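**Q** okay, sequence plus prediction incoming.
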Amino acid sequence: MTPEDATRHIALIRELSRPGGPVTKDAPTASINNPDWRIDGELTPQRRRLFEQLLEDTAARYPDALSEKRALVLAGPPGAGKGSVADRVLGAAKSSFVNVDADEFKAALLRQAIADGSYESWIKPPAVRELEAAGERFFPMEMAALVHEESAELAAAQRVRMMGLGKNLIADTVLGSESSAVELGAQLQRAGYSVHVVDVEVPFEVSEERIVQRWAEAIASAEAGQDPLGGRWVPSAYARPLFDTEHGRARSQDAAALLAQNPAVDRYERHFTSLEEHRAALDSGRRATPTKELDQARLNRGGPLVDAAYTRRATPSAQRLPGSRNDRGRGGAELT
């Protein structure tokens, strides 16, 4: 796809993804609106069996997950770089966590739809069919909004299931509202988890550019025959309102700060990549380096959040906070 073709195609996707458009989470061909899959909002037995299989398949990808009741909650807008920061925070310990990410379920739902024919017979909207008939090419992940609601249901169900087993988990989420933060915190607290909140923030311009960049990279991979699903498109109608705040940053920043007040949270970090750092990294061909704006921890469960450097000095060397390196050498980076 040439740069000119990519620009034109993005314009088409944006138009299709506008509120009320054919590629939105509540559009007529969204998976939640298929009468063969839901009756009065409830899953049919066939669809329920698929959900159960997807939950089992996803959990099976994490055979080394431990039952230590540790949770890493990732917050931040699309394109913030949450995955990269999580890799640095957890280090080698990441293999002991189950990653609960709605995007994984979007891909799984679309693969299943392709396999059983429902991608063509139901999910793909007539407007997309018309464009394809005129020569435009679309990839399945560009239709991800049409399975958004079901992917969110699956992620929520997987999180509850893993908490029931006490499994270490990564909750990879935008955390776009304070109500969702309060609900998630309450769930983890009731389940007896120790929680590490990592908020990864970027300006809207960086989020928007990275959404396009990730889409373009995935499309190139699909055109090369490496991944037939292509790149996921995040509608502007979803991403832009996240930044409608007094301080200009995403709502996730406020939601993460609220979640950090839950006594189950032992560690709270905020990382920020400025527009300048993002552009400088692009120009030099390197990965952008976020600035760690905040790093707080609790000495005792339910105690006040204080600077993590202080807790390191105050905590005996034999003890470690959640997410730090323990005596068995499985943990991530130590407090600094």
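**A** Thanks, I have it.

**Q** ok, now which ones touch K124?
**A** By CB atoms under 8 Å, 6 or more residues apart in numbering, K124 lies in contact with T29, F138, M143. To be clear about C-beta, it is placed using only N, CA and C from the backbone, and glycine gets the same treatment.

**Q** an error on my part: the question was meant for A80.
**A** A80 touches V200, E201, V202, V206, S207, R210, A250, T273, counting by CB under 8 Å, 6+ apart.

**Q** sticking with A171, tell me its helix or strand.
**A** Assigned by DSSP states H and E, A171 falls within strand 169-172.

**Q** ok, that strand: who's next to it in the sheet?
**A** strand 70-75 (parallel), strand 98-101 (parallel) (DSSP bridges).

**Q** with only the CA atoms kept, save it in CSV.
**A** The C-alpha coordinates for strand 169-172 follow below in CSV (Å, rounded to 0.1, in the frame of the first residue of the first chain):
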residue,chain,number,x,y,z
LEU,A,169,-2.8,-11.2,36.2
ILE,A,170,-2.1,-8.2,34.0
ALA,A,171,-5.2,-6.1,33.5
ASP,A,172,-4.4,-4.3,30.3
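
**Q** hmm, who's touching it?
**A** Strand 169-172 is contacted by residues 65, 70-74, 82-83, 86, 90, 94, 97-103, 159, 162-163, 184 when judged by CB under 8 Å, 6+ apart.

**Q** related to what we said a few turns ago, most neighbours of all the contacts of K124, which one?
**A** The residue in those with the most neighbours, by other CB atoms under 10 Å, is M143 (29 neighbours).

**Q** for P78, grab phi and psi.
**A** Backbone torsions of P78, given as degrees, to the nearest 10, read phi -60, psi 140.

**Q** burial count for it?
**A** As a burial measure, P78 scores 20 neighbours (other CB under 10 Å).

**Q** equivalent analysis for the one 3 residues further on, please.
**A** Taking other CB under 10 Å as the criterion, the count of residues near G81 is 21.

**Q** picking up where we left off before, of the contacts of A80, closest to A297?
**A** Distance ranking of the contacts of A80 against A297, using CB to CB, places V200 first at 17.8 Å.

**Q** what's the burial count for the closest one?
**A** 27.

**Q** helix or strand: which one has L282?
**A** helix 275-284.

**Q** the helix or strand just after that helix to helix 275-284, inter-axis angle?
**A** Following helix 275-284 in sequence order, the next helix or strand is strand 291-297 (DSSP H and E). Interaxial angle, strand 291-297 versus helix 275-284 (axes from the mean of the first three to the mean of the last three CA atoms, to 10 degrees): 120 degrees.
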